[in-house]
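Visitor: Give me a model of this one.
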Amino acid sequence: MPYDEVIASRVRSIMIDEAGYSERKMFGGLCFMIGGHMCCGVMKDEMMLRLGDELASTSLDENHTRPMDFTGKTMKSMIYLEPAGFADDRDLQEWVGRAVGFARTLPPK
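Guide: Okay, here's the model as predicted:
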């Protein structure tokens, strides 16, 4: 299973009403897009979040986060979030909101 369908469904329920929302399979998981830009995604049982360089850096000080190094090189604008970091629906909403907020700063494709 490349990504957890239950987690994907939880994220989808948050994102579904966002303008410019779409989904795409990539990175071996499921990515949620805003305006054609990757916003967040699910890989196995973890979240990946695109937050921009500054917010990603400060978010790494929070519990259950780690740098995203999918390619073997750290991706400065993205982080992984372990399941304990979004077990609560409010926590998931907060993290997805951060990623949506960053995606909204990018020009539409």
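Visitor: hey, let's count contacts and neighbours off CA atoms from now on
Guide: Fine.
Visitor: So for F32, what's the nearest residue that isn't a sequence neighbour?
Guide: Leaving aside its chain neighbours, F32 sits nearest to E23 (4.6 Å; criterion: Cα to Cα, 6 or more residues apart in numbering).
Visitor: My guess is that neighbour contacts G36. True?
Guide: No. E23 is beyond contact range of G36, at 9.3 Å (criterion: Cα atoms under 8 Å).
Visitor: picking up where we left off before, what helix or strand does the residue nearest to F32 sit in?
Guide: strand 21-26 (DSSP states H and E).
Visitor: If we go by neighbour counts, what in that strand is buried?
Guide: Within strand 21-26, the residues scored as buried using 16 or more other Cα atoms under 10 Å are Y21, S22, E23.
Visitor: Now render the residues you listed as JSON lines, adding pLDDT and distance to S13.
Guide: Shown next, in JSON lines, are the buried residues of strand 21-26 (pLDDT from 0 to 100; distance: Cα to Cα, whole Å):
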{"residue": "Y21", "pLDDT": "96", "distance to S13": "11"}
{"residue": "S22", "pLDDT": "96", "distance to S13": "12"}
{"residue": "E23", "pLDDT": "97", "distance to S13": "12"}
